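[1] all I have is the shape, not the residue letters:
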């Protein structure tokens, strides 16, 4: 399973404003039957101008009815993506970063996704 994220330069969030061009990201996900977790790898055109915006990996597991994708805590700090309120027709999606205090998660992006039927 894979996806593509496109965001025009004039609509980037404040923390990415220094990118100076459209933002593109793609990810690939596979389910690891041994660990019963999703493994995710993604790449973006951040070219080092936005910390952590070039390449990353996540693993994902179900927790309290949500799917939580967590980074390995490499040089870019801990990050997570949370899929919550999941139904057949919609879900919530948030991107979060762990602050330096090691306890507080800051949400930097939120989306509400709805199934599109053709």
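    Thanks, I have it. These figures come from a predicted structure and were not determined experimentally. Numbering: from 1, shown residues only.
[2] show me where pLDDT drops low in this structure?
    1, 15, 47-53, 74-77 (pLDDT under 70).
[3] ok, now which ones touch residue 29?
    By CB atoms under 8 Å, 6 or more residues apart in numbering, residue 29 lies in contact with 1-2, 38-40, 60. Any C-beta I mention is one placed from the backbone N, CA and C, and that applies to glycine too.
[4] tell me which strands the strand or helix carrying it pairs with, and in which orientation.
    In this structure, residue 29 sits in strand 23-32 according to DSSP states H and E. Applying DSSP bridges to the sheet, strand 23-32 is found paired with strand 2-7 (antiparallel), strand 37-44 (antiparallel).
[5] who's in contact with the first one?
    Residues from elsewhere that reach strand 2-7 (CB under 8 Å, 6+ apart): 22-29, 44.
[6] was I right about residue 26 contacting residue 41?
    No. At 9.5 Å, residue 26 does not count as touching residue 41 under the criterion of CB atoms under 8 Å.
[7] enumerate every residue touching residue 39.
    By CB under 8 Å, 6+ apart, the neighbours of residue 39 are 29-32, 57-60.
[8] equivalent analysis for residue 9, please.
    Going by CB under 8 Å, 6+ apart, the list of residues near residue 9 reads 19-23.
[9] could you redo the last one with a cut-off of 10 Å?
    Residue 9 sits next to 16-17, 19-23 when contact means CB atoms under 10 Å, 6 or more residues apart in numbering.
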